[in-house]
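In: return atomic coordinates for the entry below.
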Amino acid sequence: MYNTFSILFFLQRNRATPDGKAPIYARITVNGKRAQFSIQRKIPIEKWDNNSGKVKGNSPEAKSINKFIDEIRYKLNKIQERFLDTNKTFTAMAIKSRYIGNDKVNKMLIAIFQAHNDEVESLIGKDFAPGTAERYRTSKKHVQEYIQKEYNVDDIPVNDVDHKFITGLEYYLKTERKCSHNTAIKYITNFKKIIRIAYANDWISKDPFFHWKAKLKTVDREFLSKEELQTIVDKEFKIPRLELVKNIFVFSCFTGLAYIDVKQLTKNDIVIGIDGEHWIKTKRAKTHTRSNIPLLPIPASIIEIYKNHPEVKNSDKLLPILSNQKMNSYLKTIADSCEINKNLTYHLARHTFATTVTLTNGVPIESVSKMLGHKSLKTTQHYAKILDRKVSADMNTLKSILKDQEEKSQKQTNS
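Out: Now for the predicted structure:
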């Protein structure tokens with residue numbers, strides 16, 4: 001049966017208050033039959049536009065009420081769509097009842113996301129690292145901005161998330177937010193956890209991610225060559241902050257520790273190992289796995305440099321360290337000063353340790369994996385693949401040199 005369906009917002013003028021304000025009502029009409037309800041908002045009669053069914057003007061009150069009207073219209077349309085999708089007969093009263101009922105029990109997507117993020121925040125340092133909390137905050141921000149752009153509302157029922165929503169979000173992240181493929185996939189994977197929470201709690205009847213598969217592209221991680229690393233080690237800066245950032249970066253190049261792990265290092269993390277030498281023994285903030293790293297001469301000398309620094313002398317901290325944002329900002333200056341044409345970030349130090357400092361020098365991959373605190377050897381093997389590609393490129397260069405030498409030799413013989 002074909003159904004006519006419309007939504008109208010109007011003022012109930014006969015219920016106006018003495019100060020001239022009338023309540024706003026929503027009217028649903030299906031096949032000529034009506035059902036209506038108050039949206040619990042009042043507005044001066046002269047400020048209402050009958051043609052648009054909205055409040056006139058751009059005042060904060062007008063914008064707020066008009067946005068609320070758009071949200072109600074969106075929800076009513078989605079309820080009607082669900083009736084159509086399931087081939088169920090519906091009436092104006094059925095849509096009103098579903099809306100009034102859902103308003104009480106239906107879970108809203110951003111509200112669920114925020115509740116999850118609040119829980120993560122409360123468990124920082126116990127079950128989650130600060131970086132994890134930050135990623136979830138950013139993911140929620142992107143999802144909310146996508147909803148505002150696509151649906152012109154601040155939140156939607158979690159029931160409204162479907163495969164189309166997910167693929168639309170991915171497209172939005174890549175085009176509007178200019179995210180790389182892998183970054184977009186990681187944000188959606190974070191969002192996927194929120195949907196799984198809703199599914200586990202029976203707030204949704206099916207998992208919209210069932211047919212969505214995360215496909216990360218293999219990306220070669222940059223690292224410093226032996227010559228580039230030595231250039232940075234040898235470079236001296238007269239500005240104390242630049243010298244500090246350089247030294248802390250070099251410390252990570254020879255220990256493989258991530259920024260947060262260096263920041264959390266204490267003097268108690270330096271211990272005497274089974275070989276009688278100094279070791280760094282700490283737990284990675286990201287994975288909570290142990291990292292046991294023999295202390296090489298260069299990082300040992302950096303610890304010695306800063307042992308009397310006020311931030312170190314008056315606390316348990318092993319090294320003074322700036323914020324990650326400031327560190328990365330100063331590293332750009334250091335790269336320019338050293339004429340290194342690479343995107344020098346703090347995390348590149350960890351890649352340099354895995355490749356240039358250890359694997360290139362014959363340290364077994366199993367030992368490198370343990371020092372890096374990787375849960376799986378497969379994660380470490382990616383660095384070995386990078387080195388294989390470098391070996392291949394180097395050998396191709398060598399082949400070219402040998403070929404040139406052979407051609408020169410033949411010319412000399414012929415002449």
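In: residue 293: how many residues sit nearby?
Out: The local packing of residue 293 (other Cβ atoms under 10 Å) involves 22 other residues. (Each C-beta comes from the backbone N, C-alpha and C, glycine too.)
In: now do residue 5
Out: So residue 5, with other Cβ under 10 Å, has 17 neighbours.
In: that one is in contact with residue 80, isn't it?
Out: Yes: assessed by Cβ atoms under 8 Å, residue 5 is found in contact with residue 80 at 5.6 Å.
In: could you chop the protein up by domain?
Out: Using automatic domain parsing, the domains assigned to the chain come out as 5-105, 109-200, 226-388.
In: and those domains: which comes nearest residue 399?
Out: With respect to residue 399, and counting by Cβ to Cβ, the nearest of those is domain 226-388 at 16.4 Å.
In: which one is the most centrally placed residue in the chain nearest to, not counting chain neighbours?
Out: The residue lying closest to the centre of the chain (Cα atoms, centre = their mean) is residue 135, at 3.8 Å. Closest residue to residue 135 apart from its sequence neighbours, by Cβ to Cβ, 6 or more residues apart in numbering: residue 190 at 6.0 Å.
In: what do you get for residue 47?
Out: Nearest non-adjacent residue to residue 47, counting by Cβ to Cβ, 6+ apart: residue 56, 5.2 Å away.
In: now stretch 171-178, how far from the chain's geometric center?
Out: Relative to its parent chain, stretch 171-178 has a centroid offset of 13 Å by Cα atoms, centre = their mean, to the nearest Å.
In: avg pLDDT for that stretch?
Out: Mean pLDDT, computed over stretch 171-178, is 94.
In: ok, and what's touching that stretch?
Out: Outside stretch 171-178, the residues that touch it by Cβ atoms under 8 Å, 6 or more residues apart in numbering are 142, 146, 149, 150, 179, 180, 181, 183, 184, 187, 188.
In: need those in a markdown table with distance to residue 99, can you?
Out: What follows is these, written out as a markdown table (distance: Cβ to Cβ, whole Å):
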| residue | distance to residue 99 |
| --- | --- |
| 142 | 28 |
| 146 | 24 |
| 149 | 24 |
| 150 | 21 |
| 179 | 35 |
| 180 | 40 |
| 181 | 39 |
| 183 | 37 |
| 184 | 34 |
| 187 | 31 |
| 188 | 29 |
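In: are any of these buried, and which?
Out: 142, 146, 179, 184, 187, 188 (16 or more other Cβ atoms under 10 Å).
In: quick one, strands of this protein?
Out: Secondary structure of the chain (DSSP state E): strands at 5-11, 21-30, 33-44, 48-49, 54-55, 270-272, 278-283, 290-294.
In: looking at these, which is closest to residue 324?
Out: strand 278-283 (17.7 Å).
In: which other residues reach the closest one?
Out: 255, 257, 261, 264-265, 269-273, 289-295, 300, 373.
In: distance to residue 406 for the domains of the chain - can I get that in CSV?
Out: Below are those laid out as CSV (distance: least, Cβ to Cβ, whole Å):
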stretch, distance to residue 406
domain 5-105, 72
domain 109-200, 43
domain 226-388, 26
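In: which strands and helices lie in contact with the lengthiest helix in the chain?
Out: Longest helix of the chain, by residue count under DSSP state H: helix 377-414. Helix 377-414 sits against helix 365-372, with contacts defined as 3 or more Cβ pairs under 8 Å, 6 or more residues apart in numbering; DSSP states H and E.
In: next, the buried residues of the helix it packs on.
Out: Neighbour counts over helix 365-372 (16+ other Cβ under 10 Å) mark 368, 369, 370, 371, 372 as buried.
In: got it, and stretch 275-294?
Out: 278, 279, 280, 282, 284, 285, 291, 293.
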